[in-house]
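Novice: pasting the sequence and the predicted model now:
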Amino acid sequence: MLQPLGAVLLAMAFEWGVALHGLISVQDQEKSDAGKSAQKSALIRKMARQAGKDYVLFPALSRRRWWRTLGANVVANGLRSAWAYIVIVCGHFVDGAEKFMPSVLEGETKPEWYLRQMLGTANFEAGPVLRFMTGNLCYQIEHHLFP
């Protein structure tokens, strides 16, 4: 029952959700606790730098109208995150798109890679405006075959 709420929260902060997913993937490959901690620290520094630019530095450069810049950055980042979430979810997490375990990557040949790209994504229907606005990312299979 909480899945729709989780989806909305992820859409609003998709940039950070992708970063967290990347951290978990990298940490799974790390052998030592020190390596895992270093990866986590690096991600936190990167996130703090980005948030500092978006929500502190750029608004401060606006001086008296700092609140407008802050509001614009919040809205722009929210819209970008929601847009990326919609496009990625529509192309990767739909009926018919296969999911693969990491073990599939071991010893994968180039032809098998192409097959996995085709089976793991899905094109979705989009009108001319949506196609243009997504840079034709509605053609996810072609995007994965020829990035």
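Specialist: Received the coordinates, thanks. Numbering: from 1, shown residues only.

Novice: the helices in this structure, which residues?
Specialist: Assigned helices in the chain, in chain order: 3-12, 14-29, 33-52, 58-61, 66-92, 110-119, 128-133, 140-145 (criterion: DSSP state H).

Novice: in TSV, list these along with mean pLDDT, distance to residue 103 and mean neighbour count.
Specialist: All C-beta atoms are positioned from the backbone trio N, CA, C, and that covers glycine. Compiled in TSV, the helices of the chain are given as follows (pLDDT from 0 to 100; distance: least, Cβ to Cβ, whole Å; neighbours: other Cβ atoms under 10 Å):
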stretch	mean pLDDT	distance to residue 103	mean neighbour count
helix 3-12	93	26	12
helix 14-29	92	13	14
helix 33-52	95	21	13
helix 58-61	97	44	14
helix 66-92	93	19	15
helix 110-119	93	12	13
helix 128-133	90	36	11
helix 140-145	91	20	17
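
Novice: export those helices to CSV and tack on distance to residue 99?
Specialist: Putting those into CSV (distance: least, Cβ to Cβ, whole Å) gives the following:
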stretch, distance to residue 99
helix 3-12, 17
helix 14-29, 14
helix 33-52, 25
helix 58-61, 39
helix 66-92, 9
helix 110-119, 10
helix 128-133, 25
helix 140-145, 14
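
Novice: among those helices, which comes closest to residue 100?
Specialist: helix 110-119 (6.1 Å; Cβ to Cβ).

Novice: helices or strands up against that closest one?
Specialist: helix 140-145 (3 or more Cβ pairs under 8 Å, 6 or more residues apart in numbering; DSSP states H and E).

Novice: look up phi and psi at the nearest residue to residue 122 once chain neighbours are set aside.
Specialist: Of all residues not flanking residue 122 in the chain, residue 97 sits nearest, at 4.5 Å (Cβ to Cβ, 6 or more residues apart in numbering). Taking degrees, to the nearest 10, you get phi -90, psi 120 for the backbone angles of residue 97.
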